[in-house]
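J.: following is a predicted model, sequence given first.
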Amino acid sequence: MGMYSRVGRPRPGAGGLELAIWYLMRLTGVALFVLALGHFLIMHVLFDPANQTSTWIASHRWNSIFWRSYDWLLLTMVMFHAFMGVRTVVGDYVKGGPRTVLLMLLYLVAIVLLVAGTVVVMTMPLPGTV
Amino acid sequence: MLLRYRGSEGMLAWAFHRISGVAIWAFVVLHVVDIYLVGGNPGAYNEILKIYASLPGRIMEVLLGAALLYHALNGLRIIVMDFWPAMTIYHKQLWYACWVVFVVVGGPVTYQIMAPVFGLPQFLVQ
C-alpha cells in the first residue's frame, strides 16, 4: 500500500454479499451523518434531556408522522450500520466456533431491537387520534 | 490489531473510529431498550431519564456526543478516500480538518449540555 493509509476497510474484490455490505456501510454512514447528528442536536442542544419524560415524548416529540418516520429511519440505518460494524470487529478478534456463536447472538439482538423499536414508534397512539 | 501500535495519524484515526463505533453501538442497544419502555413502562423510563439528566449522565452525554461527532467526521473522511483515492495522500490533513470541526462544533454543544449543572443559562432550549 505504501503511502496509502488503510483507515477504511479495503473494498472486497470478490463481489457478492461482502461487497454489498461494504457499500451499504458507506450509504448508511452518510444517512446517519445527517439523521444521527440531527437527532443528537435536537435532543441535546435544542431541547434538554431533563424535560424529555414519557409524556413529553408521547405528546410532543412523537406527535407527527414526520418525526416518527425520521426516528424509524434512524433506527433501521443505525441497526444495520452498528451491528454490521460490530460484526467486522468480532471478525477481527474472534475466530472459528466462538465467532459463529457471537455473530448469531449479535444478529438475534439486532432483530429483537429492530422489532421492539419499530413496535414502540409505530403503535404508540398519536395525540389527537385517541 | 488494536494492541499493535504502528504509530502515526492513520493508526490513531482507525483506533478512535473503532473505539467510538463500539461505544455508540453499546449506547444504541441501551437507547432502544429505554425508548421501548416509553411505551411499555413509562414510569421506568422516567426513572432512567433522571440518571441521564444528572451530572454523571450529562458527562456520559458529552462523551457520547464526542464519539458520535468523531465517528461521523472520520467516517466521511474514509468515504472521501474510498471513492477518491487520490485524497489518501492528504489523509493526515483530512484528519486534522476533522479535529478542527470537532472542536468548533463540540465546544458549544458541551457547554449546552453541561450548563444546567453549573446553573448557567442554556441557549436556544425550547
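T.: The structure has been received and is ready for your questions.

J.: CA atoms for contacts and neighbours, from now on please.
T.: OK.

J.: wait, does whichever helix or strand residue B:95 is part of contact chain A?
T.: Assessed by DSSP states H and E, residue B:95 sits inside helix B:91-114. Yes - shown here: helix B:91-114 in contact with chain A (CA under 8 Å from any CA of the partner chain) through B:91, B:109, B:112, B:113.

J.: excluding chain neighbours, what is closest to the second one?
T.: Once flanking residues are discounted, residue B:109 sits nearest to residue A:45: 6.5 Å by CA to CA, 6 or more residues apart in numbering or on different chains.

J.: quick one: residues contacting the one you found.
T.: By CA atoms under 8 Å, 6 or more residues apart in numbering or on different chains, the contact set of residue A:45 is B:109, B:112, B:113, B:124, B:125.

J.: and the residue nearest the centre of chain A?
T.: Nearest to the mean C-alpha position of chain A, by CA atoms, centre = their mean, lies residue A:78 at 0.8 Å.

J.: and that residue, how far from residue A:120?
T.: 16 Å (CA to CA, to the nearest Å).

J.: now the residues of helix B:91-114 next to chain A as a markdown table including distance to residue A:14, neighbour count and pLDDT?
T.: Putting the residues of helix B:91-114 next to chain A into a markdown table (distance: CA to CA, whole Å; neighbours: other CA atoms under 10 Å in any protein chain shown; pLDDT from 0 to 100) gives the following:
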| residue | distance to residue A:14 | neighbour count | pLDDT |
| --- | --- | --- | --- |
| B:91 | 26 | 23 | 91 |
| B:109 | 43 | 19 | 96 |
| B:112 | 47 | 22 | 95 |
| B:113 | 46 | 22 | 95 |
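
J.: next secondary structure after the helix ranked longest in chain B?
T.: Criterion DSSP state H: the longest helix present in chain B is helix B:8-40. Next helix or strand after helix B:8-40 toward the C-terminus (DSSP H and E): helix B:42-52.

J.: how about that next one, does it reach chain A?
T.: Yes - with CA under 8 Å from any CA as the criterion, chain A is reached by helix B:42-52 at B:42, B:43, B:45, B:46, B:49, B:50, B:52.

J.: packing partners for whichever helix or strand comes after that helix?
T.: Sequence order places helix B:55-83 as the next helix or strand after helix B:42-52, per DSSP H and E. Helices and strands touching helix B:55-83, by 3 or more CA pairs under 8 Å, 6 or more residues apart in numbering or on different chains; DSSP states H and E, are helix A:16-41, helix B:8-40, helix B:42-52, helix B:91-114.

J.: what are the phi and psi angles of residue B:84?
T.: Main-chain torsions, residue B:84, degrees, to the nearest 10: phi -140, psi 70.

J.: err, residue B:122, not the other one
T.: Per degrees, to the nearest 10, the backbone of residue B:122 is at phi -100, psi 150.

J.: what's the pLDDT at it?
T.: Listed pLDDT for residue B:122 reads 88.

J.: look up how far residue A:43 lies from the nearest residue to it once chain neighbours are set aside.
T.: Using CA to CA, 6+ apart and skipping residues adjacent in sequence, the residue nearest residue B:122 is residue B:112, 5.6 Å away. As for residue B:112, its distance to residue A:43 is 11 Å (criterion: CA to CA).
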